[in-house]
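Visitor: next comes the sequence, and after it the predicted model I'd like to discuss.
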Amino acid sequence: MLKIGDKVPDFCLPNQDEEEICLRDIKGRWIVLYFYPKDNTPGCTTEACDFTAALPDFEGLDAIVLGVSPDSSEKHRNFIEKKALKITLLSDEDKSLCHGFGVWQLKKFMGKEYMGIARSTFIINPEGKIAAAWHHVKVKGHVGEVKAKLEALQA
């Protein structure tokens, strides 16, 4: 699991429009990178809608918001259209970025164990290092916490 101060691994992943988004192209800005389990599920929908609602605030802080899940670009596109999302979603179908950030973990639900994404958010500074991290995120109020932390980091 990456910690504050760690350098972010280079990545290139397709977004909802199958355009490649690479760290090298967005480095130099603040990045809010959040990992979530699956499109069109209740918690993930709430989180994506909350980030969309707060997007003007993040843009005002010169930050880009990227959501990451193992869903395909096509599923992301459908999710965005269905929920009128304004954020960019990256498709990590081979889970390489999930592994790189240490968020692909053993989970338990109703007595069953399985591998999945531990909902996590990272703020990446313009130098490409982790400036803040949240693990095992509870969705309610999370976007406000992230925005407040980003404001504090820039103060």
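Guide: Now that the structure is in, tell me what you want to look at.
Visitor: list the buried ones in the helix or strand of the chain with the lowest mean pLDDT?
Guide: Within the chain, no helix or strand scores below strand 104-109, which has a mean of 91 by mean pLDDT, DSSP states H and E. Neighbour-count burial for strand 104-109 flags Trp104 (criterion: 16 or more other C-beta atoms under 10 Å). C-beta coordinates here come from the backbone N, C-alpha and C atoms, glycine included.
Visitor: which is the next helix or strand following it?
Guide: strand 112-117 (DSSP states H and E).
Visitor: hmm, back to that, what is the least confident helix or strand of the chain packed up against?
Guide: Contacts defined by 3 or more C-beta pairs under 8 Å, 6 or more residues apart in numbering; DSSP states H and E place strand 104-109 against strand 112-117.
Visitor: returning to what we had before: direction included, what does the least confident helix or strand of the chain pair against?
Guide: Using DSSP bridges, the strands paired with strand 104-109 are strand 112-117 (antiparallel).
Visitor: tilt between the helix or strand following the partner strand and strand 104-109?
Guide: Sequence-wise, the next helix or strand downstream of strand 112-117 (DSSP H and E) is strand 120-124. For strand 120-124 against strand 104-109, the angle by axes from the mean of the first three to the mean of the last three C-alpha atoms, to 10 degrees is 150 degrees.
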